[in-house]
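> I'll drop the sequence and a predicted model, then ask my questions.
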Amino acid sequence: MRAKMVPLGVFLICVVSSAFGGQKDSAPMVKLKSGAVAGLRFGSDQRGAEFRGIPYAAPPVGELRWKPPQPAGKWSGTRQATEFGAPCPQLPASWFQNLPTSEDCLFLNVWTPQLGANAKLPVLVYFHGGANTMGYSQMTPVGVLANLGVVVVSANYRLGPFGFLALPALTAESPHHSSGNYGLLDQLQALRWVKENIAEFGGDPNRVTVMGQSSGAVDACLLMASPLAAGSFQGAIMESGECQSTYNEDIRIPIPFNGISGTGEGVGEILATDLGAGDDAAGLQKLRSMSADQILNAWKQDPRVHFDAIVDGWVVPEQPAKIFAEGRQMHVPVIVGSNADEATVFGRAGPQTVDAYKKYLREDTGKYWEEELRAYPANTDAEVRPAYLKLQSDTFAYGAYSLAQAMTRAKQKAYLYSFTFVEKGRRAELGAYHGLELRVLCLGLAPESGPDEQLGEAMRAYWVQFAKSGNPNGAGAPKWPVLDARERRMELGRKIQVQPVGAEVKTLEGIMSKVLDEKPAAVSASK
């Protein structure tokens, strides 16, 4: 019952501008093992600095396309880190600025309030949303959080067919007998880079918090389930996304739940066939010789082709539902939550008729679909869309609650929230839509809405204090309780207050407990 991880909504994008700083006099400099970088001044303190477009891995081109990322090469002289790196290849979208893309895209950005190896500030590493098919590191100006005493990092990672293509031929050439999840491997490489280099920017490599929104939050959850991420971060903030409340697509075993059709390798074979490439070494060579545009166009023209992070047996060794249920995930404190009206920006996605809605529910929860229908009834076509959107929004809330429960069982502190803020003006009818919490967090509210300074300041304080201590509570803001037997969450809206967990999560928990008890073959399969 995965909530649909759609591309980031048209309303949430707040593209980074020179508001971060940008003074070019007396450029701050850092010497890395790979070479020297010169950045920009950031903030009002002369110790603050911003570095854009630092390569954290070698360009994944040619023979490195669909390979784990390799370390960045060294350069001579001083590299100017004053412009953001190119976004990774993706299809155009109408809801944010489309920038020129390149496969040479594995860059990250760093904002620090105090440059220098002795500062030892906590570090916040942000992975953007966009369904793992679109987006880029500077899309949301999370660098503003550095003003509160943390080092902030944001990173590009491979997307769509370049980041998540699985193929039998790719699996065969891998020493790990795995393919797909190259985007997750990029994120792991970015975290390795942080571990090795962030002290030079004033960060503490042993106090790293991963933060993600939408698919970026799903990815953070998947990293928590991955043995490859062990020790790479000490906390996680997951906004409107997680990975363990239902089943994920498997590399080669079909799963009859969560709307999953086919397998990771099966989808890859469809794309390879569309491109006229066989599933052998010669076919891979042909695929690696094609332009990015050829691959993107083939993907665009075939609705059967989709790309998701998968259970591949290496990066994600087993179903996260099983890993989290058995307490084998990374044991770190978490903030996790969702927005009250996530789905209102999903456009016309989803079923439009009663018959299509019932088909969707059957593919979602199998033989338990009628329970789902009773909980979210639609007797006429006109009732389908509101029922579907309510189900989608509530599924986000259930997923956040489920993850917080899993972490509580693992004796870790879990701070659960429900974001309920509604803008004024033309967007009011959308409610607390998917991605709006990022606007509040980064001061990007629409002018007609009027910024809610109390909420924005409280959220920034909670997020930064969590990065500093693993606990969001500090001076000034209402106390946020951990999830415990009293099952309370923090409402983040025009009121900031503790509230009981909603009835909607209990309804979905009852259905999903039965689905998860089904245990399809892929749950226990290990590749």
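All right, it came through fine. None of these values were measured; they are calculated from a predicted model. Residues are numbered from 1 along each chain as shown.

> Where do the strands of this structure begin and end?
In the chain, the strands defined using DSSP state E lie at 29-32, 35-38, 40-41, 49-55, 78-80, 107-112, 121-127, 151-155, 203-213, 235-239, 334-339, 414-419, 488-492, 496-500.

> Within its sheet, name the partner strands of the second one and how each one runs.
According to DSSP bridges, strand 35-38 has the following sheet partners: strand 29-32 (antiparallel), strand 78-80 (parallel).

> Turn these into JSON lines, columns for mean pLDDT.
What follows is the strands paired with strand 35-38, written out as JSON lines (pLDDT from 0 to 100):
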{"stretch": "strand 29-32", "mean pLDDT": "96"}
{"stretch": "strand 78-80", "mean pLDDT": "97"}
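
> Centre-most residue in this structure?
The C-alpha lying nearest the average C-alpha coordinate of the chain belongs to Gly216 (CA atoms, centre = their mean; 0.5 Å).

> Which pLDDT does the model give the nearest residue to that residue once chain neighbours are set aside?
Excluding its sequence neighbours, the residue lying closest to Gly216 (CB to CB, 6 or more residues apart in numbering) is Phe127, at 3.9 Å. All C-beta spots, glycine's among them, are computed from the backbone N, C-alpha and C. On the pLDDT scale, Phe127 is placed at 98.

> Quick check: Phe127 vs Arg65, distance?
Separation of Phe127 from Arg65 (CB to CB, to the nearest Å): 21 Å.

> Of the two, give the one with the bigger neighbour count.
More neighbours surround Phe127 than the other of Phe127 and Arg65, with 31 against 21 (other CB atoms under 10 Å).

> mind listing what the more buried one touches?
For Phe127, the contacting residues are Ser154, Ala155, Tyr157, Gln187, Val210, Met211, Gly212, Gly216, Asp219, Ala220, by CB atoms under 8 Å, 6 or more residues apart in numbering.

> Turn the strands paired with strand 35-38 into JSON lines, including distance to Gln405 and mean neighbour count.
Listed next are these as JSON lines, based on distance: least, CB to CB, whole Å; neighbours: other CB atoms under 10 Å:
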{"stretch": "strand 29-32", "distance to Gln405": "41", "mean neighbour count": "16"}
{"stretch": "strand 78-80", "distance to Gln405": "46", "mean neighbour count": "16"}
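
> Looking at the ones you listed, spot the one closest to Tyr368.
strand 29-32 (52.9 Å; CB to CB).

> Show me what the closest one is in contact with.
Contacts to strand 29-32, defined as CB under 8 Å, 6+ apart, come from residues Ala36, Val37, Ala38, Gly39, Ala49, Phe51, Ile54, Thr78, Leu115, Asn197, Glu200, Phe201.

> Try it again at 6 Å.
Applying CB atoms under 6 Å, 6 or more residues apart in numbering, the external contacts of strand 29-32 come out as Val37, Ala38, Asn197, Glu200.

> Which residue is the nearest non-sequential neighbour of Asp341?
Sequence neighbours aside, Gly431 is the residue nearest to Asp341 in space, at 3.1 Å (criterion: CB to CB, 6+ apart).

> in the protein, which helix or strand is least confident?
Across the helices and strands of the chain, the lowest-confidence element by mean pLDDT, DSSP states H and E is helix 521-524, at a mean of 66.

> could you check the angle strand 334-339 makes with the biggest helix by length in the chain?
When the chain is scanned for its longest helix (criterion: DSSP state H), the result is helix 381-409. Relative orientation of helix 381-409 and strand 334-339, computed by axes from the mean of the first three to the mean of the last three CA atoms, to 10 degrees: 170 degrees.

> same for helix 381-409, what does it pack against?
strand 334-339, strand 414-419, helix 503-518 (3 or more CB pairs under 6 Å, 6 or more residues apart in numbering; DSSP states H and E).

> what comes up buried for it?
Of the residues in helix 381-409, those scored as buried under the neighbour-count criterion (16 or more other CB atoms under 10 Å) are 384-385, 387-408.

> And for stretch 328-343?
Buried residues in stretch 328-343, counted by 16+ other CB under 10 Å: 329-330, 332-343.
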